[in-house]
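Chemist: model the following, please.
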Amino acid sequence: MGRVILAIVSTAACLVLLLSLKTRSTSAGLPPAPAITAAPSHSPRAATKPAIGNGRTKAASSESTSNAAPTTVAGNVVQTIYGPVQVAITVTGRRITAARVPVYPNGSPRDQQINSYAVPQLIQETVAADSANISAVSGATYTSQGYISSLQSAIDKAGL
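Modeler: Sure thing, here's the model as predicted:
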């Protein structure tokens, strides 16, 4: 009889300890999500106008576009299995000088963790390559594919 009571009491004590145990949050220790701002609103028609035109010669066009004002063009929103992705690029002359990601999957701590390292890498590669010919980030395949598709649509809209 003593052993039964001892077994019940020890089981109850273990159960109380387990129920009072606080688990660590899954987001603890993760780097913060990238600070990504929304692209300014632009008319789609204005964004699709090519930077070179007016019948100028190629040499004259090159000179005039080097001093061109920066234009921001947003790509299409691309749906991935983890959520939508949209890229906005800033074009100065005929070069991509900056990229932002106003829409990306961030609904869960895992999304935030993945995109905190993937989005900055994708942006850096975009500016360096000056095109959509960039590599996907390992571990962020779906986001990378959505990013590249949206980037290509922004490049097409910018007339590059």
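Chemist: who does the host helix or strand of Ser153 touch, helix- and strand-wise?
Modeler: When secondary structure is defined using DSSP states H and E, the element that contains Ser153 is helix 141-158. Contact partners of helix 141-158 among helices and strands, from 3 or more C-beta pairs under 8 Å, 6 or more residues apart in numbering; DSSP states H and E: helix 44-47, strand 71-74, strand 78-80, strand 83-92, strand 95-103, helix 109-129. (Glycine included, C-beta is placed from N, CA and C.)
Chemist: give me the number of residues near Ile148?
Modeler: Ile148 sits with 22 neighbouring residues when counted by other C-beta atoms under 10 Å.
Chemist: report the separation between it and Ala158.
Modeler: Here Ile148 is placed at a distance of 15 Å from Ala158 (C-beta to C-beta, to the nearest Å).
Chemist: how many neighbours does Ala154 have?
Modeler: Other residues close to Ala154 by other C-beta under 10 Å number 27.
Chemist: shaky segments in the chain?
Modeler: 15, 18, 20-67 (pLDDT under 70).
Chemist: again, only using 50
Modeler: Within the chain, the stretches with pLDDT under 50 are 24-65.
Chemist: contacts only, for Ala12.
Modeler: Not one residue lies near Ala12 by C-beta atoms under 8 Å, 6 or more residues apart in numbering.
Chemist: quick one, what contacts Ala98?
Modeler: Contacts of Ala98 were listed using C-beta under 8 Å, 6+ apart, and they are Pro70, Ile89, Thr90, Val127.
Chemist: same check on Gly146?
Modeler: Going by C-beta under 8 Å, 6+ apart, the list of residues near Gly146 reads Val78, Gln79, Thr80, Pro84, Val85.
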